[in-house]
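Q: I would like the atomic coordinates for the input below:
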Amino acid sequence: MKLVLPAFAAAAIWGAPLLAADTAPAADAAKGKSAQPPAPATETTPAAPASAAPAAPGAATPGTPDAAATPGQTTPAPVKKLPARIKFTPPAGSLGAAASNSSGGTRAANSNLPEIRVLVPKEGALTTQEQPALFWYQSAPTTAAFELTLNEPKKPKPLLSVKLPNSQKAGIRAISLIQQNVKLEPGIEYVWHVALIPNPADRSLDSFSTGVIKRVAAKEDLQEELSKSTPAEQAALYAQGGYWYDALQAISTAIAAEPKNVDLHKLRADLLTQGDLGEVAKTEH
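A: Now for the predicted structure:
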């Protein structure tokens, strides 16, 4: 069985919420393998989801007049379906001790740094992907240095460490583990951090946030539903299954393809609110 998840693509690594939709096959869930999204599409030319592909020229759209059979009329484009809402079902008992390390955004006393926060529920969250995208929120631009680390339990050296001299973009941000050539193993609870660092010599001044991610096998019946769904619908399916990271990635993919679609932003806000990220959700309106 193969899972489908839209691929994540970011210009360089960072950018604003830069996503591109794709529907190439991913993981073999039956064997416990994670999704392998295809090579990222570019920011300016997102690939259209197969489920939302337009009809061939001259082809009739179900429920509408056939242009060939009705002279003078054109065939309307099919209407993309959006779920009424994205309902997240937190997994029961799937995360252990590592989840106690998870936190919201934290700033040093009297700090003038922007808030930075991983977009993950405080109890941690799940993914079905071998190389998912990690999302965080930054409230304002800053000249402070930026750092992201991903740590595996009982290993002193980070699995991933990314540093930038400053962090001049605000809003919802993300990094793709595909682009970093980092893969998650099933069943391991990884802890990841984002930080703004005004003074590398005094890390007590940092603004930082911590989250937990665990890769699991997808439920057996998920693929058939995903194969018939748009990215927004996939987000709802992943959320219902308890796969937070995949749901956030899917709805963000849909937003990247239609950044001015207010309804899509409302759906992401709905998901964020359910992850106790209400302050970030307010920025979507």
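
Q: Does anything pack onto whatever helix or strand Val280 lives in? Which helices or strands?
A: Using DSSP states H and E, the element containing Val280 is helix 278-281. Judged by 3 or more CB pairs under 8 Å, 6 or more residues apart in numbering; DSSP states H and E, the packing partners of helix 278-281 are helix 262-274. All C-beta atoms are positioned from the backbone trio N, CA, C, and that covers glycine.

Q: For the helix it packs on, buried residues please.
A: Leu264, His265, Lys266, Leu267, Arg268, Ala269, Asp270, Leu271, Leu272, Thr273, Gln274 (16 or more other CB atoms under 10 Å).

Q: try stretch 132-144
A: Pro132, Ala133, Leu134, Phe135, Trp136, Tyr137, Gln138, Ser139, Thr142, Ala144.

Q: Check stretch 189-204 too.
A: For stretch 189-204, using 16+ other CB under 10 Å, the buried residues are Glu189, Tyr190, Val191, Trp192, His193, Val194, Ala195, Leu196, Ile197, Pro198.

Q: can I assume the third one sits in a helix?
A: No: under DSSP: H, G, I helix; E, B strand; the rest coil, Val191 falls outside any helix and is assigned strand.

Q: Among the buried residues of stretch 132-144, which one sits closest to Pro114?
A: Nearest to Pro114 among the buried residues of stretch 132-144: Ser139, at 4.3 Å, using CB to CB.

Q: I'd like to check which residues are in contact with that closest one.
A: Listed by CB atoms under 8 Å, 6 or more residues apart in numbering, the contact partners of Ser139 are Pro114, Glu115, Ile116, Ala170.

Q: Got the phi and psi for it?
A: Note on Ser139: its backbone torsions stand at phi -80, psi -20 [degrees, to the nearest 10].

Q: Specify the next element, helix or strand, located C-terminal of the worst-scoring helix or strand of the chain on mean pLDDT.
A: In the chain, the helix or strand scored least confidently by mean pLDDT, DSSP states H and E is strand 25-28, which has a mean of 32. Next helix or strand after strand 25-28 toward the C-terminus (DSSP H and E): strand 103-107.

Q: Show me what that next one is packed against.
A: Looks like strand 103-107 contacts strand 116-118, strand 207-215 (3+ CB pairs under 8 Å, 6+ apart).
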